[in-house]
Structure formats: structure tokens, C-alpha cells
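J.: Just to be clear, the model below is a prediction. Sequence and coordinates:
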Amino acid sequence: MTHGTLWIVGIGPGAHDLITPRALKVLEEADLIVGYQTYITLVRKLIKGKDKIRTGMTEEIGRARAAVDAAREGKKVAVISSGDSGVYGMGCLIFEVLREIGWKEGESPRVEMVPGITALNSCASLVGAPLGHDSCMISLSDLLTPWEVIERRIEAAASADFVIGFYNPASGRRQRQIMRAREILLQHRPASTPVALVKSAYRFREQIVHTDLEHMLEFEIGMLTTVLVGSTQTYRYEGRMVTPRGYKNKYELSDGAIKEGQRAGFSLDTSRLQEVQRPWRM
Ligand code: SAH
């Protein structure tokens, strides 16, 4: 039996020039493309004339199984997700299906993940450099995860002062989650903390709103939005959102000279700092 191939491909946020050359190559080589209708439409020009399995939002398991079966039989299959397919995408489900059927490395199909630019990165680029320091992603979808677990993670991320990118923040029916997330954040960060709402990044109808924790709920937040919440260090500058890495703690920005008492390549001497960043003592 010929070995098939199963590529699990991230196609980036939507713009064609934000798909990696490797992903393009794989889409060209594949016989069968499997994915949500929306994503197939996004790359339709690249996959003309190929076999496709398109399904709606709630048929992921069937789609994953169909992809695995076709690849096992020898086809070259590309399963596509937006952004990175390993980030809240089809990647993990494909591995769960492979595990379920007892697939082993070396057997058909050959399985390869092809990375893509995830929403956190593409949305961040549109608003500045909000990910300059430690950040995390939290999905607010409780369709497959108990809300209790999600709330604990928000609490932990909020108290540890991470910049947070919220995926799946809300949908038509689901608004309570982002309201609760905001309440938790306000217990740890000032109401003036910068927030950016990025909808449909690098797609038709892209929309960017700069706001703050206090006012964020006055704007539309939906399925196509990623919500970026700054840490206590994040600031707004010329319409951008920036989280500093900490260069100013050690160096003079005017001439790059090292500050007195600090040493390049060594841990920051916090006893020398006038203003130490310990936001959890707020
Ligand atoms: N695998 C995807 C994430 C899928 S989960 C990735 O790596 O980006 C779906 C969520 O991702 C959406 O609810 C939204 O929060 C975010 N998202 C995906 N594409 C986006 C885009 N172009 N602009 C803004 N947010 C996006």
C-alpha cells in the first residue's frame, strides 16, 4: 500500500501574502483539501480543481475522520485551519482520531504539521507591539471546556500580569464570558489598561478598536474578534499598543548606555530601580 500524507496546515489570518511558502507548497501538492467552508473560500484561488471536503462549524469530528481515512488509503490530504492549525484548530483533533484508530509513526499516513501565523500574532501586529513581554492565550469558549476551568485561568493570568489574547471571546448567544473576564481583570489591573478589539484581521471587513478595560464592552465583540488586553505595563502611544520588554530598567534609551550599578548579560539589579514592577502588590 502506498503511504498517504496528511498535512495539517495553518493558512494564517486570511491575506494571501501571510500564508507561509511551505503551506502554499503543500496546498499545491495535495489531492484533497479538507476544511471549513470559510477557510476553503479564503484560499480558493490556490486550490482550484482539487477535491474538497467542506463542512460547517459543528462537523469537525466527521471531517477529521474523513481526512485521516483518505490519507490512510494513500491520498495526499491537506487539512486546513485558519491561523495556526495547532492553536484551537484541527491539529489536536486529528491526533485524537489517529490515536483512536491506533495509528503508529511509520505507518500510512505520514503526518506533518505546517505552522501558520496565529490570530494572536496577526492581531498584535495590527495594533503595535502588545506582546513585547509575557503573554498568554485564553479561549472563552465553554462549548468543550467547563467554564470553571476557564475562569481559573483568567484569574491566574490576570493576577500574574500577563498580556492576554482572548480567542472565541463571544458569539451572538454567548456574551456573559467576556463580561466576567473583564470583571476578573479589573480586580488586578486599572480600568485604564489598554485593550484592543481586532476583528477579521487581514481579511475583508477588518476592524480595529482601541479602548480600555473600562469601556471595552461598549463595542461589538463577536466570533471573529480577538481581544488583546494589556498588562499593567502596557501603554498606548500614537494610536498603538506597546508592552515594554524592560530595556529602560537597564539602559538609557537616549544613547544606549548602561545604567549605574547594572551589568549587561547579568540579572537585573532590582535594588537599583526606582520603580519596581510588582503589579500584584497594586
Ligand atoms: N487556529 C486559529 C484560531 C481558531 S479559534 C488561529 O491560530 O488563529 C477562532 C478564534 O480565533 C476567533 O474566535 C477569533 O478570536 C480568532 N481569530 C481567528 N482568525 C482571526 C482573524 N483573522 N482576526 C481576528 N481574530 C481571529
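T.: Yep, it's here. Residues are numbered from 1 along each chain as shown.
J.: Please count neighbours and contacts with C-alpha atoms only from this point.
T.: Will do.
J.: Just list the residues touching His273, thanks.
T.: Quick fix: residue 273 reads Leu, not His. Shown in contact with Leu273 (C-alpha atoms under 8 Å, 6 or more residues apart in numbering): Asn249.
J.: switch the cut-off to 10 Å
T.: Taking C-alpha atoms under 10 Å, 6 or more residues apart in numbering, we find Leu273 in contact with Asn249, Lys250, Gly261, Gln262.
J.: Would you reformat these as CSV and include secondary structure?
T.: Below are the contacts of Leu273 laid out as CSV (DSSP: H, G, I helix; E, B strand; the rest coil):
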residue, secondary structure
Asn249, helix
Lys250, helix
Gly261, coil
Gln262, coil
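J.: What about these, which one has the most neighbours?
T.: Lys250 (22 neighbours; other C-alpha atoms under 10 Å).
J.: can you count the residues close to the nearest residue to Val87 once chain neighbours are set aside?
T.: Of all residues not flanking Val87 in the chain, Thr118 sits nearest, at 7.2 Å (C-alpha to C-alpha, 6 or more residues apart in numbering). Per other C-alpha under 10 Å, the neighbour tally for Thr118 reads 19.
J.: quick one: pLDDT of Thr118?
T.: As summarised for this prediction, Thr118 has a pLDDT of 98.
J.: how about the residues of the stretch 51-200 of the chain that lie near the ligand?
T.: Contact residues (C-alpha under 6 Å from any ligand atom) of the stretch 51-200 of the chain with the ligand: 81-85, 87-89, 118-119, 167-168, 198-200.
J.: now, which of those lie within strands?
T.: With DSSP state E as the criterion, strands contain Ser81, Tyr167, Val198, Lys199 from among these.
J.: out of those residues, who's nearest the ligand?
T.: Closest approach between those and the ligand, by C-alpha to the nearest ligand atom: Tyr167, at 3.5 Å.
J.: Okay, the closest one and Leu120: tell me how far apart.
T.: Tyr167 sits 8 Å away from Leu120 when distances are taken as C-alpha to C-alpha, to the nearest Å.
J.: Please identify which of those two sits among more neighbours.
T.: Relative neighbour count places Leu120 above the other of Tyr167 and Leu120, with 26 against 22, counting by other C-alpha under 10 Å.
J.: Quick check: the more buried one vs Cys136, distance?
T.: Distance, Leu120 to Cys136, using C-alpha to C-alpha: 9 Å.
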